[in-house]
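Colleague: Please work out how this folds:
(one chain, ligands or ions: 1)
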Amino acid sequence: MKIQIIGFGLAGSWMAWELIKRGIDVVITDRYNPNSSSRIAAGLINPINGTRPRPTWLADVLLPFAYSAYHEMSSEVNQPLLTQCKVRRVFITEEDVRLWDHASTRQWYGNDFAGFNVMWETLTSGMLEGISYDYGGVEYGGAIVNTAGVIECVRKHVVEVDVPQEDVDFTIWCEGWEASRNELWRWLPFQPVKGEILDAIIDGQPLTTIITRSIWIVPVSDEERVVGKQSIRIGSTYDWDDLSDVPTEHARTSLVSMAETILGRPVVITGHRAAVRPAARSKRPYLGIHPTHKKHAILNGFGAKGALWAPWAAQQLADHILDGTPLNAETNIVRWWNQ
Ligand SMILES: Cc1cc2nc3c(=O)[nH]c(=O)nc-3n(C[C@H](O)[C@H](O)[C@H](O)COP(=O)(O)OP(=O)(O)OC[C@H]3O[C@@H](n4cnc5c(N)ncnc54)[C@H](O)[C@@H]3O)c2cc1C
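Modeller: The predicted structure is shown next:
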């Protein structure tokens, strides 16, 4: 059986990986875009989301799955692709503390998902790594995935070629947000959203954790680090109207201002990029075989969660296409057909 995958981002990479593991002959066709979502993403996996803290969707399944999938790929390609890292959530108002306490009383978290120690510690008010925690904060386990690295690793194992569709038995569309303009899939309720991200340098005490509060600040481990300086990434913005990959002054100013408020020191910008996330209105991935074009399937809708969702979703879709295993009902695209 020969399967063509269209689109070589995180979705296409994990789909190819799953099919190759099953002995399928895979070809990938990609319209290279240096500003694709997967190429500029920070790759953060944050197990606790929202201003009102709650565990990420299907946390007990997806966190251990992602952890072992990235480790399996890393060991086969001999390159680390997932780095575990603490996440520090900074409280900047009384309301932040109240919302967290409210969530904690319901015992929503404190789970040790295999591979992800999501036990949390409360940070009392004071200074930590140069950041002022006037209202305290919490710290728990998360991870950073090298998303561009995943694509490059999979690239070594697949054939990239533009083949006519008559020459393949089946096609899996992994086009990211561009699927919302594809006649075959535009009936799915996509909500593409542009995001902007900054590369920056800071002085002073280096950060050892991901910092989050409305935005996130990720320390970057660079090999050629200048003494006393640290590279960080700052992100990200959400814009549902402008679906270009052009960075804007407005996003830059707002990210810098928020980062400097949290860090309490100036940041020097060294890079600024923008891409469009393939978000779904249902806030769940879109998987499945087309209801009438039975030789076509889709893997999409990862929004801001591609790093966590892609490995699991690709495995679900591979099992569905090859063995008829039912899909998770929340992700199955048939729920949107004829609506
Ligand atoms: C600023 C920013 C920060 C982010 N940070 C995070 C984060 O910290 N953690 C996280 O989990 N996620 C993050 N994301 C989201 C993440 O990037 C996405 O969830 C994920 O990468 C989507 O992968 P994809 O493969 O579906 O789409 P894409 O990465 O968009 O890949 C689609 C590919 O298909 C190609 N293509 C499209 N149509 C065709 C066609 N007809 N023929 C051939 N090729 C085609 C495109 O050129 C592209 O290469 C972030 C996104 C942005 C924009």
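
Colleague: Now do the residue of the stretch 1-150 of the chain found nearest the ligand, the pLDDT please.
Modeller: Going by Cβ to the nearest ligand atom, the ligand is nearest to residue 9 of the stretch 1-150 of the chain, at 2.3 Å. To be clear about C-beta, it is placed using only N, CA and C from the backbone, and glycine gets the same treatment. Residue 9 carries a pLDDT value of 98.

Colleague: Residue 115 too?
Modeller: pLDDT at residue 115 comes out at 61.

Colleague: Then residue 106?
Modeller: Looking at residue 106, its pLDDT reads 63.

Colleague: for residue 47, same thing?
Modeller: On the pLDDT scale, residue 47 gets 90.

Colleague: I'd assumed residue 119 was in contact with it.
Modeller: No: between residue 47 and residue 119 there is no contact under Cβ atoms under 8 Å: 10.7 Å.

Colleague: tell me which parts of this protein are close to the ligand?
Modeller: Within the chain, the positions lying close to the ligand (Cβ under 6 Å from any ligand atom) are 6-12, 29-31, 33, 36-38, 40-44, 147, 174-176, 178, 195-197, 235-236, 275, 277-278, 300, 302-308.

Colleague: Mind checking which of those are in helices?
Modeller: 10, 11, 12, 37, 38, 40, 147, 306, 307, 308 (DSSP state H).

Colleague: Distance of residue 328 relative to the ligand?
Modeller: Between residue 328 and the ligand the computed distance is 17 Å (Cβ to the nearest ligand atom, to the nearest Å).

Colleague: Next, find the distance separating that residue from residue 313.
Modeller: 9 Å (Cβ to Cβ, to the nearest Å).

Colleague: quick one, which of the two is more surrounded?
Modeller: Between residue 328 and residue 313, counting by other Cβ atoms under 10 Å, residue 313 is the more crowded of the two (30 against 15).

Colleague: what about whatever residue of the stretch 51-200 of the chain ends up closest to the ligand, neighbour count?
Modeller: Residue nearest to the ligand within the stretch 51-200 of the chain: residue 176 (2.4 Å; Cβ to the nearest ligand atom). Counted with other Cβ under 10 Å, residues neighbouring residue 176 total 26.

Colleague: what sits against it?
Modeller: Counting by Cβ atoms under 8 Å, 6 or more residues apart in numbering, residue 176 touches 7, 9, 11, 36, 37, 38, 276, 278, 300.

Colleague: Just the buried residues of the residues you listed.
Modeller: Among the contacts of residue 176, the ones that count as buried by 16 or more other Cβ atoms under 10 Å are 7, 9, 11, 36, 37, 38, 276, 278, 300.

Colleague: just checking, residue 211 touches residue 92?
Modeller: No: counting by Cβ under 8 Å, residue 211 stays clear of residue 92, with 11.5 Å between them.

Colleague: overlap in contacts of these two?
Modeller: Joint contacts of residue 211 and residue 92 (Cβ under 8 Å, 6+ apart) are residue 262.

Colleague: So between those two, which is more surrounded?
Modeller: residue 211 (24 against 16).

Colleague: and that one, what are its bridge partners?
Modeller: residue 88, residue 217 (DSSP bridges).

Colleague: From residue 140, how far out is it?
Modeller: 13 Å.

Colleague: try residue 235
Modeller: Taking Cβ to Cβ, one finds residue 235 at 19 Å from residue 140.

Colleague: just checking, residue 30 touches residue 8?
Modeller: Yes: using Cβ under 8 Å, residue 30 is in contact with residue 8, at 3.6 Å.

Colleague: Overlap in contacts, those two.
Modeller: Listed as contacting both residue 30 and residue 8 by Cβ under 8 Å, 6+ apart are residue 160.

Colleague: Compare those two (neighbour count), which wins?
Modeller: Applying other Cβ under 10 Å to residue 30 and residue 8 shows that residue 8 carries more neighbours, namely 26 against 18.

Colleague: Buried residues of the strand or helix carrying residue 67, list them for me.
Modeller: Assigned by DSSP states H and E, residue 67 belongs to helix 59-77. Going by neighbour count (16+ other Cβ under 10 Å), the buried part of helix 59-77 is 59, 62, 63, 65, 66, 67, 69, 70, 73, 74, 77.
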